[in-house]
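Asks: got a predicted structure plus its sequence, pasted below:
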Protein chains: 2
Amino acid sequence: MGKIVLGMSVSLDGIAGSSRLDVPEESMAVHEAILGWQFPLRSWQEHQGMPGGEDTEESRMWEADFSRWGAQVVGRRMFDFGYPHWGENPPFRVPVVVNTHRFEPPIEKLGGTTYVFVTGGIEESVRLARELAGDRDVLIAGGVESARQALRAGLVDELALHIAHVVLGRGERFFDAVAVPLKLQPIRTIAGTGATHVSYEVVR
Amino acid sequence: MGKIVLGMSVSLDGIAGSSRLDVPEESMAVHEAILGWQFPLRSWQEHQGMPGGEDTEESRMWEADFSRWGAQVVGRRMFDFGYPHWGENPPFRVPVVVNTHRFEPPIEKLGGTTYVFVTGGIEESVRLARELAGDRDVLIAGGVESARQALRAGLVDELALHIAHVVLGRGERFFDAVAVPLKLQPIRTIAGTGATHVSYEVVR
């Protein structure tokens, strides 16, 4: 059975998103500051259909991670924010379980991505994702609220943090309202150009 | 001329100290959670006059860092908290400038440590430390308030973060009230047993 991995990009002060989603400029600035480490990677660019990018250890890490996921889980706010950008051939290429209060029928896109809406809470969303993933691992990709729910519910085997080299000072703090103390055992550390990547096993 | 290095141990959620210094048990718990990475290191144990410890890359990092400092700067609260523990042969072995509002004559200890009290603010404390350090580097060792003052005043050349593998959930957040956005360029990343060590150049 696959592992449940929570992937999260944060600033050095733990900001994982904008607390002002009503201000698009601010949301985009936070988004770029914490996720910008991906953009120069050759593997990431290839997945967007772009030629070029840098072939670094970080790029190979991204590729290796991506190939682990048999399904992904995203929260409703992340889905609503991302949906128009992800387009007709979304970057997931696997089933995506949307953890939501509002049921909708599945939406099938090109390239292997199907959005499936689950209203039974984070446990139910992760359970379905695990089924859909088969032997492969499940990535809980965010947003902040679904990620916290998963951590609090003890569903996470592995926490993959991408710590961007920036202090933002304001925004939504990922670790607020996470069950503490959280005991972690490091598995892998990679020094990247835009972020330090540290994966931890969650000690239960 | 030496560099001004700010060294800070933090939890993954950016906690660098207890906000309840009036509760000694809580202060000690936070202290151990974020500084505990040092205790198993052979180099650290040697400096405490203890035989043993683990001879790892992390231990060699600690030794190499320690030999850089020609002087250290500490804040008043850290001094008051640490003074009884540091004893008659303190672990600094160089002049220690105490950034304080309350003047006292210098206190000389064994092994090279002299505590010098400066009341002219963080700029004056760092200026004196730089003089005392000669060609070697200066470590601003904390506490949180003096560290923030130094960052805000633009005095810091290098930020040496020790990010412990723990989420604490409460305490004093290091990055609050730090001038933002803070631009950082990573210099060195070391995966440690108890913490991830990332040093950054502060981009001005």
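Replies: Okay, I see it.
Asks: interface residues of chain A facing chain B?
Replies: By Cβ under 8 Å from any Cβ of the partner chain, the part of chain A that sits against chain B consists of A:12-14, A:33, A:161, A:163, A:165-170, A:173, A:175-176, A:178, A:180-186, A:189, A:191, A:196, A:198, A:200. For every residue, glycine as well, the C-beta is placed using N, CA and C.
Asks: show me those residues that map onto strands.
Replies: Using DSSP state E to define strands, the subset of those located there is A:161, A:163, A:166-167, A:173, A:182-186, A:189, A:191, A:196, A:198, A:200.
Asks: which secondary structure elements does the helix or strand bottoming out on mean pLDDT in chain A sit against?
Replies: Taking mean pLDDT, DSSP states H and E as the measure, the helix or strand of chain A with the lowest value is helix A:24-35, at a mean of 87. Under the contact criterion of 3 or more Cβ pairs under 8 Å, 6 or more residues apart in numbering or on different chains; DSSP states H and E, helix A:24-35 touches strand A:4-10, strand A:15-17, strand A:158-164.
Asks: before we move on, the earlier item: emit the ChimeraX select command for whichever of the residues of chain A next to chain B are buried.
Replies: Of these, the buried ones can be selected in ChimeraX as follows, counting by 16 or more other Cβ atoms under 10 Å in any protein chain shown:
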select /A:12,13,14,33,161,163,165,166,167,168,169,173,175,178,182,184,186,189,191,196,198,200
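Asks: re the thing from before, could you dump the helices and strands packed on helix A:24-35 to JSON lines with mean pLDDT?
Replies: Shown next, in JSON lines, are these (pLDDT from 0 to 100):
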{"stretch": "strand A:4-10", "mean pLDDT": "97"}
{"stretch": "strand A:15-17", "mean pLDDT": "90"}
{"stretch": "strand A:158-164", "mean pLDDT": "97"}
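Asks: check those for me and report the most buried one.
Replies: Taking mean count of other Cβ atoms under 10 Å in any protein chain shown as the contact definition, the stretch among the helices and strands packed on helix A:24-35 with the greatest mean neighbour count is strand A:15-17, which reaches a mean of 25.
Asks: which neighbouring elements make contact with that strand?
Replies: Checked by 3+ Cβ pairs under 8 Å, 6+ apart, strand A:15-17 has strand A:4-10, helix A:24-35, helix A:144-152, strand A:172-173 packed alongside it.
Asks: 7 Å - rerun?
Replies: strand A:4-10, helix A:24-35, strand A:172-173 (3 or more Cβ pairs under 7 Å, 6 or more residues apart in numbering or on different chains; DSSP states H and E).
Asks: could those go into a markdown table alongside distance to residue A:63?
Replies: Below are the helices and strands packed on strand A:15-17 laid out as a markdown table (distance: least, Cβ to Cβ, whole Å):
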| stretch | distance to residue A:63 |
| --- | --- |
| strand A:4-10 | 14 |
| helix A:24-35 | 17 |
| strand A:172-173 | 29 |
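Asks: of these, which is nearest residue A:141?
Replies: Residue A:141 sits nearest to strand A:4-10 of all the helices and strands packed on strand A:15-17, at 5.8 Å, using Cβ to Cβ.
Asks: just want the angle from the closest one to helix A:144-152.
Replies: Note on geometry: by axes from the mean of the first three to the mean of the last three Cα atoms, to 10 degrees, strand A:4-10 and helix A:144-152 are set 130 degrees apart in direction.
Asks: strand partners (parallel or antiparallel) of strand A:4-10?
Replies: Taking DSSP bridges as the criterion, strand A:4-10 forms sheet pairs with strand A:137-142 (parallel), strand A:158-164 (parallel).
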